[in-house]
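[1] Can you look at this prediction? I've put the sequence above it.
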Amino acid sequence: MVFASLLLLALGTIVSQITQVTAIGSACSAPLTKGNAAWGEPYWLENIPHQGVAPFAPNGTNYKVFRNVKEYGAYGDGVHDDTAAINAAIYTGSRCGNLTCGSSTTTPALVYFPAGTYLVSTPLQAYYYTVMVGDARTPPTLLASANFTGMAVIDADPYTNNTNWYINQDNFYRSVRNFVIDLTRMPANVSATGIHWEVSQSTSLVNVVVNMSTQPGNDHQGIYMEVGSGGFMGDLVFNGGKYGIWVGNQQFTVRNMTVNNANTAVFASWNWGWTYQRIVINDCQVGFNLSGGGVGGEAIIDAVVTNTPVFIKTPPPINGTVAGSLVLKNVHLNNVSTAVMENGTTILAGGTTTIDSWGKGEVYTGTHPNGTFTQGNIYDAEVDWSLLDSNGFIVSKGHPMYADYSVDQFKSIRSLGAVGDGMTDDTEAINAVLTMYAGCYIIYFDAGIYKVTSTIRVPAGTLIVGEAWTQIMGAGLYFNNKEDPNVVVQVGTPGSYGVTEITDIVFTTQGPTAGAIVVEWNVHEPAGLQGAAGMWDSHIRLGGANGTHLQDAECRSGTLSPECFAAFIGLHITYGASAYLEGTWVWLADHDLDGVDQLTLFSGRGILSHSQGPVWMIGTSAEHHVLYQYGLVGAKNHYMGLIQTETPYFQPIPAPPAPFDVSAVYDDPMFEHGMNMAWGLWVQSSTDIIVFGAGHYSFFQNYSATCEGNTTCQPQIVNVDWTSSVSIYSLATVGTTYQVSVVENGIIYFSNDTEGFSSTVTLWSPELPIYP
């Protein structure tokens with residue numbers, strides 16, 4: 001089997017030099033190559049037929065998912081005040097906001113802005129489950145008026161009478177893409193903010209530029225974020241300002257951010273752990289200001305800093321222990337006087353130089369229980385070439401927008417027979433469309449809930465675009481046998497290759513579905529096209545939403561019922577696959593987004609990877625699965641940063657693997673040494689794995705949080721076996737006695753690395769080789 005898979009991959013590499021898909025649909029005459037949009041033609045999203053549905057929305061037959069702001073009265077001429085019109089486009093339709101509800105999946109909205117300049121005088125309030133999209137060919141400008149008042153131009157969690165509309169840790173499903181935000185008309189001495197982004201998982205900021213005052217002493221900032229539990233943002237540019245971004249959040253991943261001519265590029269008020277990948281800082285006074293003392297861990301990889309006197313300011317250590325862990329890897333300095341300053345003193349000199357691998361904090365090796373407080377060079381884990389671009393940076397690929405493609409290069413799933421009402425079986429219709437048109441058209445999944453009762457087969461070479469998180473929902477007996485699991489959505493077949501991209505889709509189930517492998521990822525990127533097989537802004541959500549039959553009416557917390565099985569595995573990346581996952585959240589619901597109560601649901605496994613790579617997991621998370629959140633078995637060449645997990649709230653009643661059984665077929669952990677909680681990260685026989693930022697949290701035992709007080713919610717959370725080579729940078733844990741284990745023996749005790757509520761390991765690296 002292994003030889004056959006390798007042979008297929010080798011053949012794929014040869015053939016892919018000619019074409020990027022192994023096959024095209026039966027109705028195709030040639031594969032899809034370049035876009036054919038004419039010069040001056042608007043973005044395809046503007047003119048594609050808009051027929052998405054929201055089956056559970058109030059007055060659902062008349063509910064509009066797609067809203068063009070000009071149809072609500074916006075001018076986009078930079079003269080008329082468009083605030084009221086844009087906000088009407090956002091809130092129309094009894095949507096979730098303004099303190100009327102905490103969350104809802106029933107009223108999705110894609111709010112579209114044609115090219116133009118939109119003058120606004122008060123915040124644009126991004127209601128729950130809102131995607132704000134500008135013309136990707138000519139991104140529109142949101143121009144703050146000189147007399148603008150309010151928190152920010154875009155506000156994802158507004159305050160009313162000092163109360164947020166949403167609970168910040170549950171502020172899911174929000175995205176903003178393709179905008180220029182202009183604050184320069186506002187006086188330099190007035191507080192001005194581009195985006196108030198107090199959000200949690202399944203959120204993204206993509207392709208956004210914020211222009212601010214460049215006057216000395218100005219009070220402008222690109223992003224303001226005070227709390228939350230995120231999240232991903234990428235492809236951002238901030239020009240001017242007091243701060244490029246001012247941020248505080250449990251965890252976040254930032255990819256490809258440029259800050260020019262700000263006083264401070266990044267001010268971090270607090271966190272448990274953030275990962276910054278591919279950061280460019282030009283002509284600022286300070287790159288990162290972490291000196292406030294609330295930062296648990298900051299991990300920066302692939303940065304270029306130019307003409308900035310101080311790259312990083314950090315607080316002093318407390319009693320020789322961690323006071324804000326810091327990791328720097330592959331950082332290029334050009335005319336930077338001080339690389340790292342601690343309490344006014346240089347602890348790492350600058351200049352024009354490259355920092356290969358440097359850290360500040362507790363560093364551990366192998367099975368040694370005692371770390372060393374380090375403020376200097378640290379182990380520099382080698383990154384396999386397959387994970388790096390031609391500049392030696394981790395591969396960075398943004399959310400595909402298809403800006404150069406025209407409407408006639410898309411095929412709508414609803415136009416071709418699928419219904420998307422959450423009741424009709426759309427299996428046959430979807431598979432027919434994919435069979436006919438995959439590889440020669442972009443497949444557009446109009447908004448809706450597409451119920452399927454057998455496997456959806458997505459050929460390698462397929463491009464899929466959803467609309468405000470279109471749902472594909474597996475249902476029925478075919479997916480309800482945990483002794484004989486079946487795949488809901490199969491992406492590629494074993495050994496296949498092709499440019500395969502999925503954006504803006506939610507994969508889900510209608511319970512009970514104890515045997516559902518929700519997504520099986522088999523496809524491999526073609527040779528020379530790194531990151532060409534991936535998912536962006538796409539998630540796996542299990543239960544906790546209307547239509548799933550896995551809500552508070554059926555599965556309120558404490559319910560141990562066979563009707564409450566949601567999945568066998570969330571995502572399985574198979575041996576011959578490659579994958580680029582950005583912002584993906586694999587969530588077993590702990591509470592009902594369309595109700596009020598906590599839930600007890602069961603999903604066996606979160607993300608399982610057998611892949612030989614390359615695999616990039618950029619800003620991903622997996623939560624509440626029974627055996628583990630991330631499992632790597634026989635895997636190779638993975639970059640994972642930042643990854644985040646939560647343990648099921650109901651454990652240890654029952655303790656894993658219950659209510660599932662250990663499966664040798666899927667290489668499950670055995671739970672033989674008294675481990676009675678799910679693993680956050682479980683690694684077996686895997687090599688060349690780099691975790692660059694991780695947050696593994698355990699908050700409860702059987703829904704009681706009293707264990708947090710003495711950090712005993714679970715004994716262990718990260719496990720690596722003797723045969724694996726894994727390097728873990730910037731690891732934060734909560735509620736866990738031992739932060740890292742080797743062969744299920746706890747090694748790193750939490751109190752050695754306490755940062756207040758969380759504990760932070762700057763680096764754990766294996767002894768080579770690690771054998772008993």
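    Nice, thanks for sending it over.

[2] which residue sits closest to the residue most central in space within the chain in space, ignoring its chain neighbours?
    For the chain, residue 583 is the residue whose C-alpha lies nearest the centre (Cα atoms, centre = their mean; 1.7 Å). Leaving aside its sequence neighbours, residue 583 sits nearest to residue 232 (Cβ to Cβ, 6 or more residues apart in numbering; 3.8 Å). For glycine as for every other residue, the C-beta is placed from the backbone atoms N, C-alpha and C.

[3] got a list of what that neighbour touches?
    203-204, 252-255, 582-583, 618-619 (Cβ atoms under 8 Å, 6 or more residues apart in numbering).

[4] which one of the residues you listed is nearest residue 642?
    The nearest member of those to residue 642, counting by Cβ to Cβ, is residue 253 at 4.7 Å.

[5] So that closest one versus residue 639, what's the distance?
    12 Å (Cβ to Cβ, to the nearest Å).

[6] Repeat that for residue 54.
    If you measure residue 54 against residue 639 using Cβ to Cβ, the figure is 37 Å.

[7] on that earlier part again, tell me which of residue 253 and residue 639 has more neighbours.
    Just comparing residue 253 and residue 639: by other Cβ atoms under 10 Å the higher neighbour count belongs to residue 253, 28 against 25.

[8] any idea which element that one lies in?
    Mapping residue 253 onto the secondary structure by DSSP states H and E places it in strand 243-260.

[9] strand partners of that strand, parallel vs antiparallel please.
    Using DSSP bridges, strand 243-260 pairs in its sheet with strand 220-225 (parallel), strand 232-239 (parallel), strand 264-282 (parallel).

[10] Give me the contact list for the helix or strand that the last one is followed by.
    Think strand 264-282. Once the chain leaves strand 264-282, the next helix or strand it forms, by DSSP H and E, is strand 286-289. With contact meaning Cβ under 8 Å, 6+ apart, strand 286-289 is reached by 263-268, 281, 298, 300, 305, 308-313, 336.

[11] mean confidence score for strand 286-289?
    Averaged over strand 286-289, pLDDT sits at 98.

[12] so where do the helices sit in the chain?
    2-15, 44-47, 83-91, 427-437, 552-555 (DSSP state H).

[13] Mean pLDDT lowest where, among those?
    helix 2-15 (a mean of 30).

[14] worst-scoring helix or strand of the protein, pLDDT-wise?
    helix 2-15 (a mean of 30; mean pLDDT, DSSP states H and E).

[15] nearest spatial neighbour of residue 78, skipping sequence neighbours?
    In space, residue 78 is closest to residue 117, 3.5 Å off (Cβ to Cβ, 6+ apart).

[16] Correct me if wrong: the one you found contacts residue 80.
    No: using Cβ atoms under 8 Å, residue 117 is not in contact with residue 80; the gap is 10.2 Å.

[17] Which one of these two is surrounded by more residues?
    residue 117 (16 against 13).

[18] Which pLDDT does the model give that one?
    In this model, residue 117 is scored at 98, pLDDT.

[19] now it: how far from residue 82?
    In this view, residue 117 and residue 82 are 9 Å apart by Cβ to Cβ.

[20] Can you check which residues contact both of those two?
    Common contacts of residue 117 and residue 82 (Cβ under 8 Å, 6+ apart): residue 76.

[21] Residue 191 - how many residues pack around it?
    14.

[22] State the distance from it to residue 244.
    From residue 191 across to residue 244, the span is 15 Å (Cβ to Cβ).

[23] try residue 62
    Distance, residue 62 to residue 244, by Cβ to Cβ: 43 Å.

[24] Looking at these two, which is more packed in?
    Legend: neighbour count by other Cβ under 10 Å for residue 62 and residue 244, higher for residue 244 (32 against 8).

[25] residues near the residue lying closest to residue 547 once chain neighbours are set aside, how many?
    The shortest distance from residue 547 to any non-neighbouring residue, by Cβ to Cβ, 6+ apart, is to residue 422 (4.5 Å). Counted with other Cβ under 10 Å, residues neighbouring residue 422 total 21.

[26] pLDDT score assigned to residue 422?
    The confidence metric pLDDT takes the value 98 at residue 422.

[27] How much space separates it from residue 467?
    15 Å.

[28] and the closest residue to residue 214 other than its chain neighbours, what is it in contact with?
    Closest residue in space to residue 214, ignoring its immediate chain neighbours: residue 240 at 4.1 Å, by Cβ to Cβ, 6+ apart. Applying Cβ under 8 Å, 6+ apart to residue 240 gives the contacts 184, 211-214, 218, 220, 260-262.

[29] out of the strands paired with strand 243-260, deepest packed?
    strand 220-225 (a mean of 27; mean count of other Cβ atoms under 10 Å).

[30] Could you pull out the buried residues of stretch 397-410?
    Within stretch 397-410, the residues that count as buried by 16 or more other Cβ atoms under 10 Å are 397, 399-403, 405-407, 409-410.

[31] actually stretch 538-554, not the one I typed
    In stretch 538-554, counting by 16+ other Cβ under 10 Å, buried: 538-552, 554.
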